[in-house]
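Engineer: build the 3D model from these lines:
(2 chains)
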There are 2 protein chains.
Amino acid sequence: MAAPVTFINIIDVAPETQQEVIDLLNEGSERVMVGRPGFVSATILASLDRTRVVNVARWESADDVTATQADPAAAEFARRTAEIASPHPGLYAVAGRHLAADSGAGSDR
Amino acid sequence: MAAPVTFINIIDVAPETQQEVIDLLNEGSERVMVGRPGFVSATILASLDRTRVVNVARWESADDVTATQADPAAAEFARRTAEIASPHPGLYAVAGRHLAADSGAGSDR
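Structural biologist: Residues are numbered from 1 along each chain as shown, chains lettered A, B, ... in the order given. Prediction:
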């Protein structure tokens, strides 16, 4: 069985462009990603200083990410993001997971 | 009620130092973070190209993060990380969340 991977896109943005990048990522996630084979979840995060947007997406395998990047609809959203911001995409493996000492087990934290 | 925040530390590393940074983050999370007020969870992610480690930590409020950064034990782990790598810490707000179209609701995905 293929190993799950996390795709993280660290996107440097100008403060006045941050919301536009967020909108683009949310639109691309809903229109393209949620229906792609192997897609599990995506969380879009906006830095409070407005200089970054980070997309953390979980996938069932690296092959699923590669296949998605070759999808013209996904490539189009990647192209539009790169036009207005500086994306740094990469694949990651989970190397540790820690929950608060007083937390219940198994909840979505 | 205070708004939840996500603390993300994007850490540039040399490939030969990646595992040492991961070990440091896992040790700091277990020894310090899991017992701090307001800490919810942390996920340590290792880039497959070995040039980055990303720590994504959920907290109940920005004040909890600020108080933790002032904790000498936490500051010591931050200092040790900065000695061997280039950390870029910041506070983020969740700006979108997407699940696979065929996923069940409410699971930890």
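
Engineer: CA only for contacts and neighbour counts going forward, please
Structural biologist: Noted.

Engineer: where do the strands sit along chain A?
Structural biologist: A:5-12, A:39-47, A:52-59, A:86-99 (DSSP state E).

Engineer: columns mean pLDDT, distance to chain B and mean neighbour count on top of those strands, output as TSV?
Structural biologist: Compiled in TSV, the strands of chain A are given as follows (pLDDT from 0 to 100; distance: least, CA to the nearest CA, whole Å; neighbours: other CA atoms under 10 Å in any protein chain shown):
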stretch	mean pLDDT	distance to chain B	mean neighbour count
strand A:5-12	98	8	21
strand A:39-47	98	4	23
strand A:52-59	98	8	24
strand A:86-99	98	4	18
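
Engineer: now render these as CSV, adding distance to A:Thr68.
Structural biologist: Below are the strands of chain A laid out as CSV (distance: least, CA to CA, whole Å):
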stretch, distance to A:Thr68
strand A:5-12, 11
strand A:39-47, 9
strand A:52-59, 11
strand A:86-99, 13
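
Engineer: between those, which gets nearest to A:Asp23?
Structural biologist: For the strands of chain A, distance to A:Asp23 was read as CA to CA. The smallest value, 9.8 Å, belongs to strand A:39-47.

Engineer: in stretch A:10-24, which residues are buried?
Structural biologist: A:Ile10, A:Ile11, A:Asp12, A:Val13, A:Gln18, A:Gln19, A:Val21, A:Ile22 (16 or more other CA atoms under 10 Å in any protein chain shown).

Engineer: now for A:Val32: which residues touch it?
Structural biologist: A:Ala73, A:Ala74 (CA atoms under 8 Å, 6 or more residues apart in numbering or on different chains).

Engineer: hmm, try it at 6 Å
Structural biologist: A:Val32 makes no contacts at all, as judged by CA atoms under 6 Å, 6 or more residues apart in numbering or on different chains.

Engineer: and A:Arg79, how many neighbours?
Structural biologist: 12 (other CA atoms under 10 Å in any protein chain shown).

Engineer: same question, the one 4 residues further on
Structural biologist: As a burial measure, A:Glu83 scores 10 neighbours (other CA under 10 Å).

Engineer: can you name the residues bridging to the most centrally placed residue in chain A?
Structural biologist: Central residue of chain A (CA atoms, centre = their mean): A:Asn55, 3.0 Å from the mean position. With DSSP bridges as the criterion, A:Asn55 is bridged to A:Asn9, A:Ile44.

Engineer: pretty sure it is in contact with A:Ile44, am I right?
Structural biologist: Yes: between A:Asn55 and A:Ile44 a contact is recorded at 4.6 Å, counting by CA atoms under 6 Å.

Engineer: on that earlier part again, and the two most separated of the buried residues of stretch A:10-24?
Structural biologist: A:Ile10 and A:Gln19 (14.9 Å).
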